[in-house]
Structures are given as structure tokens and as C-alpha cells.
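Provide a 3D model corresponding to the input given below.
(chains A and B)
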Protein chains: 2
Amino acid sequence: MINVIGFDADDTLWHNEVLYHRAKRDVVGILSGYRQPENIQAHLDQTEVANIPYYGYGIKSFTLSMIETAVHVSEGQVSAEEINQIIAIAKKMLSAPVDLVDGVKETLETISSAYPLVLITKGDHFEQERKIKISGIAHHFRYYEIVSEKSTATYLQILKKYCIDPTSFLMVGNSLRSDILPVLKIGGQAVHIPNEQTWFHENAEQHELSDFEYREISGISQLPGLIEKNFT
Amino acid sequence: MINVIGFDADDTLWHNEVLYHRAKRDVVGILSGYRQPENIQAHLDQTEVANIPYYGYGIKSFTLSMIETAVHVSEGQVSAEEINQIIAIAKKMLSAPVDLVDGVKETLETISSAYPLVLITKGDHFEQERKIKISGIAHHFRYYEIVSEKSTATYLQILKKYCIDPTSFLMVGNSLRSDILPVLKIGGQAVHIPNEQTWFHENAEQHELSDFEYREISGISQLPGLIEKNFT
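From the prediction side, this is the model:
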């Protein structure tokens, strides 16, 4: 029996990674005179992950990593105008409209009439708050939590705060690493909705998941049916 | 009668603006070949404030504004090496130790034995969480809240969340704009501890404050005495 349902936001409720993909394509284009595209892309991926302890997640962090990559792959030759173009990419990302995933509105409408919903999203607070505000779906959620990392400790803390028993909690999201694995580890239930745009950093090792049972659906519209069949 | 005491963190409990001052001095040095120091400084100040709607507060936002300023004041001549130096300033700021203001430890020790304390700080979540964690004083606070803006709405929301009556709430901080004025506006009490390093953006118009009464002390060590004398 499920009492409360948690939802991830980025690439579960609205498209997000696509903005990063476009930005990466654009920055590779800007720097194409200096290196091969795959080389630039690989350098950016490495820089991004290496900078998480300094910057955390989000567009501002990503932008600083793009700029650092530009300096390195150009071997110090990147021009001020090219840096300026990277900053323009960032500002465009930071003011992009929220593009909901197909079926989200209707699904939340259905589910929120039967269960209290909690939005649990990772990332930069300022950026996530803006998206929640303009998403048009915030009213479906009883609470929202923006966290720095989605670890087992984070989930335990949130569930404790709202007096939710982990065994009666179901989490829905696209990231095996952040939405599924930690929730299963604390005794909760999870539904995975894969998204081809998921950031490589969000993958989990398959062997880590092999001890656990969780559901997978191809689209959020299948969620009400799945809940009715399996969790009531 | 006061039941709960709120504290600002940056430049109230620990030094913060000094890191920005040093960074500004350093970036002015890096760019000194392009413009006069005052000119660079003024451009940076303007860029920082203009970028708040895009970036919010914090070191990452500040760094992107430093880079944007570098591109502009150099008229597109800034070198990749100079951009690299600016990124190095940012990483140094982001990993700087927390330097407590004199008297903070003893004062919190005294006051937390008599009142529940709430830390209310504005800024980048990731950056503020790191500082709270390594500050060594987090255990004195019953709750902490990291917010995007310290408006009257923000304070009302926090006080409601913890069932605190505004009239029984006292806020302590260095920013007239963020710590004093909004709390007075919702019927709370406030103690201002001026800090010469306060960011110009945190000043309030004197006429806005003229309708209200609040206390001012020159150092946090005077707080227990002031509370005993005025709020018990």
C-alpha cells in the first residue's frame, strides 16, 4: 500500500537535459576551430564531473565548466568573443520556458486526487525554484524539496520531516542513480521512467540494482494504471 | 517578549563579504591593463546586480559576472589565461574556510541555552550548506533556512512553517535591507549589527526605516545583554 508519491522533476515532469545537449552542441560548434568535437565533448564531460564538489549542479556550474573547457581545449587561444557566446548560451538556458513532458498534466491531475504528491528535485535552488514557479503544475504538490544530492540520507530526512513511512512511499523518476536506487535501499517503492536524454552521470551500475525490485514504464501516462494494479 | 531568535549568517556569524572584496581587488588587478580600477569596479558592480534575475546570489553568479566584466572592459581583448585566473579566484572562494566573527561562538552558546535559534541565510544553497556544515556552530540552531530573497513573504512563510508568531520573533543581522526592514514590516523585532564590509546592495533607504524601531549594537557579544535588558 502506497500513501505518498514522490516525483523527480528534471526529465521526469519537464524536459531539461535537452537544454544541456543543445548547449553542448553549441559550445562544440564555437570551439570547433581548436579541437575535434568528440574531444571537446569528452573534456567538457570530465570538467563538469570534476567540478561538482566545487560548484554543485545546475546551469551556472555547467557554464563555468564550459568556460574552463574552452580555455583548456583552445590551449589558451579562446577569444573573449567566444567566451561571450558561452555566457549568452547560459542566459538563454536560464530563461528558457518549462517544457512539460507529454501526459504530465493529465497524469498529475488524476494521481493528485488520490494521493498527496511531493516534488523532490536535485540541483541549483534558484534555477529549480524558477522552473517550479512557471511550470503550471506546482499546485498538484503538497510539498517540494530541492536537494543537493539524492542520497539515501536525503530521502530518509525528507520522509522523516513529513512523517512518511518509507515502505508506504513510491518514487517516480528517470534517474536510476538518484530516484530509484536510494529509495529502494531505504525500503521504498520506485517506478522508473527511462528518458533517452538522461545525463550519463545519472546512470547506476546494473549490479547495484539487481538486489531490488522496481517497475519500469515507458511514459508517465501509464502511471495511474500501474499504481492501481500494483499498489492499491 | 521574544520566543525565537533568527540569525543571518554571512557577515553576521561569519565573514563573507571580505572574500568578495579580495576577489574584486584581484580581478581589478588582472584587468588593470585594460581600464582604470574604478571603472572596472563600477562595471563589475553593475553587471552583478543586473545578473541577479538570471543567476541569483552566490560565488558562481559572481564569477560569471566577473568573466562578463572581463570581456566587456577589455573590449574583447581579455586572454584565456586571464579568464583562467578568474576561475581560479572562484575555486579558491568556494573552498575557503569559514571564518567566524569574533564573539559568535560564546554568544550562541549563551543565547541557545535560553532560546530556540533559527539560521536564515540568503544565497546559493550549495555554497551556504557547505559553510553551515563546516562552521562548527550549526548545532546551536534548531532549524536553518536558505532562501533566494529575504522578503516579507519569505519571513512570513518561515515563521508560519515553524508556528512562530511574528511579534515574538527577533531577527539579528547586518543587512538593513534583508534582515531588519522586512522583519519590522511583519511586526517582528530586529537587532542590527552593522558590518563595514556589507555589500552596497544590502543597504536600505533610510526613509524606509524611519517608521520603525529597531536596536543597533556594534558587536554580537553585546547581544545577550541587550536581550536581557529589552526583550525579557
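
Which of the helices or strands spans the residue lying closest to residue A:86 once chain neighbours are set aside?
In space, and not counting its chain neighbours, residue A:86 is closest to residue A:66: 5.0 Å by Cβ to Cβ, 6 or more residues apart in numbering or on different chains. In short, each C-beta sits where N, CA and C put it, glycine included. In the assignment (DSSP states H and E), residue A:66 maps to helix A:59-73.

Remind me what that helix packs against, helices and strands.
helix A:17-30, helix A:37-55, helix A:80-94, helix B:59-73, helix B:80-94 (3 or more Cβ pairs under 8 Å, 6 or more residues apart in numbering or on different chains; DSSP states H and E).

Can you tell me which of these is packed in deepest?
Highest mean neighbour count among the helices and strands packed on helix A:59-73 (mean count of other Cβ atoms under 10 Å in any protein chain shown): helix B:59-73, with a mean of 24.

Would you mind listing the outside residues contacting that helix?
Contact partners of helix B:59-73, identified using Cβ atoms under 8 Å, 6 or more residues apart in numbering or on different chains, comprise A:55, A:60-61, A:63-64, A:67, A:80-81, A:83-84, A:87, A:90, B:19-20, B:23, B:27, B:30-31, B:34-35, B:39-40, B:43-44, B:47-48, B:51-52, B:55, B:78, B:82-83, B:86-87, B:89-90, B:93-94, B:124, B:127.

which secondary element of chain A has the worst mean pLDDT?
Least confident helix or strand of chain A, by mean pLDDT, DSSP states H and E, is helix A:206-209 with a mean of 76.

residues of that one that come out buried?
The neighbour-count check on helix A:206-209 (16 or more other Cβ atoms under 10 Å in any protein chain shown) flags residue A:209 as buried.

So which residues on chain A come close to chain B?
Within chain A, the positions lying close to chain B (Cβ under 8 Å from any Cβ of the partner chain) are A:54-57, A:60-61, A:63-64, A:67-68, A:70-71, A:74, A:76-81, A:83-84, A:87, A:90-91, A:94-95, A:124-127, A:129, A:146, A:148.

Can you tell me the element the closest residue to residue A:81 other than its chain neighbours falls in?
Distances taken as Cβ to Cβ, 6+ apart put residue B:76 closest to residue A:81, at 5.5 Å, once the chain neighbours are dropped. Using DSSP H and E, residue B:76 sits within no helix or strand.

Spell out which residues sit in contact with residue B:76, please.
A:79, A:80, A:81, A:84.

Could you do residue A:106 as well?
So residue A:106 contacts residue A:221 (Cβ under 8 Å, 6+ apart).

give me the element it is part of.
helix A:104-112.

count of neighbours near the residue lying closest to residue A:75 once chain neighbours are set aside?
The shortest distance from residue A:75 to any non-neighbouring residue, by Cβ to Cβ, 6+ apart, is to residue A:34 (7.3 Å). A count of neighbours around residue A:34, defined by other Cβ atoms under 10 Å in any protein chain shown, yields 16.

so residue A:34 sits in a strand?
No. Applying DSSP: H, G, I helix; E, B strand; the rest coil, one finds residue A:34 to be coil, outside a strand.

what's the least confident helix or strand of chain A in contact with?
A:176, A:180, A:181, A:184.

tell me the secondary structure for the third one?
Okay, so that is residue A:181. Applying three-state DSSP: residue A:181 is helix.

Distance of it relative to residue A:170?
Taking Cβ to Cβ, to the nearest Å as the criterion, residue A:181 is separated from residue A:170 by 15 Å.

ok, now the second one?
Residue A:180 sits 11 Å away from residue A:170, taking Cβ to Cβ as the criterion.

residue contacts, residue A:51?
Counting by Cβ under 8 Å, 6+ apart, residue A:51 makes contact with A:61, A:64, A:65, A:68.

Recalculate using a threshold of 7 Å.
By Cβ atoms under 7 Å, 6 or more residues apart in numbering or on different chains, residue A:51 lies in contact with A:61, A:64, A:65.

Which of the residues you listed sits closest to residue B:116?
residue A:61 (34.3 Å; Cβ to Cβ).

Which pLDDT value goes with that closest one?
Residue A:61 is assigned 96 on the pLDDT scale.

Check the one 10 residues further on too.
According to the per-residue confidence, residue A:71 scores 96 in pLDDT.

Where does the prediction get shaky in chain A?
A:198-200, A:202, A:204-205 (pLDDT under 70).

For the residue positioned nearest the centre of it, which non-adjacent residue is spatially closest?
Centroid check for chain A by Cα atoms, centre = their mean gives residue A:10 as the closest residue, at 3.8 Å. Once flanking residues are discounted, residue A:10 sits nearest to residue A:16: 3.7 Å by Cβ to Cβ, 6+ apart.

State the distance from the one you found to chain B.
17 Å (Cβ to the nearest Cβ, to the nearest Å).

same question, residue A:159
18 Å.

Sticking with that residue, tell me its helix or strand.
Per DSSP H and E, residue A:159 falls inside helix A:152-161.

Can you name every helix or strand that that helix contacts?
With contacts taken as 3 or more Cβ pairs under 7 Å, 6 or more residues apart in numbering or on different chains; DSSP states H and E, helix A:152-161 sits against helix A:181-185.

Which positions within the helix it packs on qualify as buried?
Here helix A:181-185 shows A:181, A:182, A:183, A:184, A:185 as buried, counting by 16+ other Cβ under 10 Å.

what's the domain layout of chain A?
By the record's domain assignment, chain A is partitioned as A:4-15+A:100-230, A:17-94 (automatic domain parsing).

can you list those domains in a markdown table and add distance to residue B:108?
Shown next, in a markdown table, are those (distance: least, Cβ to Cβ, whole Å):
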| stretch | distance to residue B:108 |
| --- | --- |
| domain A:4-15+A:100-230 | 23 |
| domain A:17-94 | 27 |
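
Chain neighbours aside, what residue packs nearest to residue A:97?
residue A:134 (7.1 Å).

Look up how far residue B:44 lies from the closest residue to residue A:48 other than its chain neighbours.
Leaving out its chain neighbours, the residue that sits closest to residue A:48 by Cβ to Cβ, 6+ apart is residue A:65, at 4.5 Å. Distance, residue A:65 to residue B:44, using Cβ to Cβ: 22 Å.

ok, now residue A:66?
21 Å.

how about a markdown table for the helices and strands packed on helix A:59-73, with distance to residue B:209 added?
A markdown table is the format used below for those (distance: least, Cβ to Cβ, whole Å):
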| stretch | distance to residue B:209 |
| --- | --- |
| helix A:17-30 | 42 |
| helix A:37-55 | 37 |
| helix A:80-94 | 33 |
| helix B:59-73 | 27 |
| helix B:80-94 | 31 |
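
thinking again about what came up before, the residue nearest to residue A:75 and residue A:74 touch, don't they?
Yes. Residue A:34 lies in contact with residue A:74 (Cβ atoms under 7 Å); the separation is 4.3 Å.

check contacts around residue A:135.
Counting by Cβ under 7 Å, 6+ apart, residue A:135 has contacts A:14, A:98.

same thing with residue A:45?
Residue A:45 neighbours (Cβ under 7 Å, 6+ apart): none.
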